[in-house]
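**Student:** Structure for this input, please:
(chains A and B)
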Amino acid sequence: MSSNTLRKIGLYLFIGVGALFILFPLYLTIVTAFKTPEESSRSFFTLPSSLNFSNFTQAAEMSNYFGAFLNSFFITSISVVLIIFLGSIAAFAIARNQDQMFYRIMYYFFVSGLFVPFQVMMLPLVQQLSTFGLLNKWGLIILYATYGLFQCVFLYVAYFKSIPREIEDAALIDGCGVFRMYWYIIFPMLKPMTVTLLVLNIIWIWNDFLMPLVILQRSSDWTLPLMQYVFESQYAANYNLAFASYLMVLLPVIIIYLFLQRHIIGGVSDGAVK
Amino acid sequence: MKNSAYTSLKKGYLLLLIPGLVLLMLFYVYPVLSAIYMSLTNWDGVSRTRDFIGISNYITILQDNRFLNALMFTVKYAFVSTILSNVIALAVAMALVKKIKFRNTFRAIFFVPAVLSLLIIGYIWKQIYYRVIPYLGDRLNIEALQMNMLGNQDTVFWALVVVTVWQGAAILIVIYMAGLQTIPEDIYESAAIDGASGLKKFFKITLPLIVPSITICLILAMKQHLMVYDYIVALTGGGPGFATESVTLLIYNLGFLNNRFGYGSAVAIVLFIFIIVVSVIQISILRKREVQL
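**Tutor:** Numbers count the residues shown, from 1 in each chain, chains lettered A, B, ... in the order given. Now for the predicted structure:
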């Protein structure tokens, strides 16, 4: 065999073993979620003998899955809309006035947040939100809207460099105000970066655990990760049930990923390079 | 006419900036400043009174074995996880930019962990360490696998690192792929004509040209691992003993369980300063090594 074929085999072996290592925990989650405890004790790794959905119905009922799902959906969607809207208008103002000291300082101010761990703000925030009566999903949404701005402004300002100003000048001469200009001309041109930011923020907020843990006081506000956290301490012993609930928490993101994976991977690489 | 359009434009820009600015003032600047102030008090988080005690919380930190233990663990964990996940991610990225069959499928598979909840990943791996690996150890009669790796001081560190790399490499792979794809093919071809070996090509061409990606990946990974929280909660809860208590978990425990808000704030600020210092060092070392094509 030539050294070239050997190298090829090595390459496929490396990638193949890596992919199996990635997929194994997910495979295990899926098969275990469908099994009964007896079946699992016979073998962890084989396929279940039948598609048995009782683990799912039981876990959904015990953990109030649908309530938590709706909370996650509600909090994530409102937060990302706010992040995109507030972030793009702020980035527009900053990007088009970078000759002014004030806006340059504002840029660094927004971006500085990228380096601040949430743990620094966590303890005072709980006090602060409690005096505002905001230890609920609205408080959480406001926090996501704020902390999402750091990255959003950073990436949008970079993206604005690739958008020529001439179109805006033309619109101004035609008597367009800043707001109409933003809505009809600027925002549509930002679309590729908007998609990237939507993806990054949806993944972040949907999966976030620490913020809901410290902010959400009522169980009726719980998101999926928080619901799983509480559920885990009670039912981890029944691992078939536990795996069914893991799968139910992961499933929404996996479905979105399967449909949008090209855009998601592309968006992440664009976002990182800029 | 032109002038009034210009002033209204200026006002318009300012109006666009204000909503974000107000949010940042209220929920970023204010809490950070109160954290700094709280860290100089002995407040317990509940009572009405608090005394200003200067920097004595910070002096306590330096003598607090629980904090030093948490910091040592966090730094070791972050350092090892960052190096390992970057080396593996770069290797996978180099393989995935080659022309191989099913390349897009493989890319999609390797990115899956990046979209999943860290907490749930932690739970799944906990079950693997708890049940699946000991089960395998029983069946295959391998004693080393029969124990619970999370309950053992010697193995729990590496058990955490494996999970971290499993998940953390995914996003780095994509960033490295983006960096590798900017290197023009003809540089490699002319190096091959000059008789450069594979290793030489890697160290003399690939590495210097992807320094910007390396900078981003190292900072991203290091910051994320220094702030590790979800894995610890899901996998060990800080145990066995205090073996895996991260600084973030310590802050949570101090603030919400031990009623030591002032002290917890001081620990949070030390973590913050630590992250800034590490990031600045990383940037300044790597900036010098950046090469322009």
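**Student:** Any figure for the gap between the closest residue to residue A:128 other than its chain neighbours and residue B:23?
**Tutor:** Closest residue to residue A:128 apart from its sequence neighbours, by CB to CB, 6 or more residues apart in numbering or on different chains: residue B:31 at 6.2 Å. Just so you know, the C-beta spots here come from the backbone N, C-alpha and C atoms, and that holds for glycine as well. Distance of residue B:31 to residue B:23, computed by CB to CB, to the nearest Å: 12 Å.
**Student:** on that earlier part again, which positions within the helix or strand encompassing the residue nearest to residue A:128 qualify as buried?
**Tutor:** In this structure, residue B:31 sits in helix B:30-38 according to DSSP states H and E. Residues B:31-32, B:34-36, B:38 are the ones in helix B:30-38 that count as buried (16 or more other CB atoms under 10 Å in any protein chain shown).
**Student:** what two of the residues you listed have the greatest distance between them?
**Tutor:** B:32 and B:38 (10.7 Å; CB to CB).
**Student:** Using PDB, write out the CA atom coordinates for stretch B:56-72.
**Tutor:** Output of stretch B:56-72 as PDB, limited to C-alpha atoms (Å, rounded to 0.1, in the frame of the first residue of the first chain):
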ATOM      1  CA  SER B  56     -10.700  42.800  55.000                       C
ATOM      2  CA  ASN B  57     -12.800  40.400  52.900                       C
ATOM      3  CA  TYR B  58     -10.000  40.400  50.400                       C
ATOM      4  CA  ILE B  59      -7.500  39.700  53.200                       C
ATOM      5  CA  THR B  60      -9.700  36.800  54.400                       C
ATOM      6  CA  ILE B  61      -9.700  35.400  50.800                       C
ATOM      7  CA  LEU B  62      -6.000  35.100  50.800                       C
ATOM      8  CA  GLN B  63      -6.100  33.000  54.000                       C
ATOM      9  CA  ASP B  64      -9.200  31.000  53.100                       C
ATOM     10  CA  ASN B  65      -8.300  27.400  52.300                       C
ATOM     11  CA  ARG B  66     -11.700  26.700  50.800                       C
ATOM     12  CA  PHE B  67     -11.200  29.600  48.300                       C
ATOM     13  CA  LEU B  68      -7.600  28.700  47.500                       C
ATOM     14  CA  ASN B  69      -8.700  25.100  47.000                       C
ATOM     15  CA  ALA B  70     -11.500  26.300  44.600                       C
ATOM     16  CA  LEU B  71      -9.100  28.600  42.800                       C
ATOM     17  CA  MET B  72      -6.500  25.800  42.400                       C
END
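**Student:** any low-confidence regions in the stretch 1-150 of chain A?
**Tutor:** The model of the stretch 1-150 of chain A has pLDDT under 70 over residues A:1.
**Student:** which residue packs closest to residue B:172, ignoring adjacent ones?
**Tutor:** If the residues on either side of it in the chain are set aside, residue B:172 comes closest to residue B:89, at 3.6 Å by CB to CB, 6+ apart.
**Student:** With residue A:91 instead?
**Tutor:** residue A:156 is the one closest to residue A:91 (CB to CB, 6+ apart), at 3.4 Å.
**Student:** Nearest to chain B within the stretch 51-200 of chain A, name that residue for me.
**Tutor:** Relative to chain B, the nearest point of the stretch 51-200 of chain A is residue A:178 (2.9 Å; CB to the nearest CB).
**Student:** number of nearby residues for that residue?
**Tutor:** Per other CB atoms under 10 Å in any protein chain shown, the neighbour tally for residue A:178 reads 24.
**Student:** Lowest mean pLDDT among the helices and strands, pick that one out for chain B.
**Tutor:** When each helix and strand of chain B is scored by mean pLDDT, DSSP states H and E, helix B:143-146 comes last, with a mean of 80.
**Student:** Having no further points to raise, I will conclude here.
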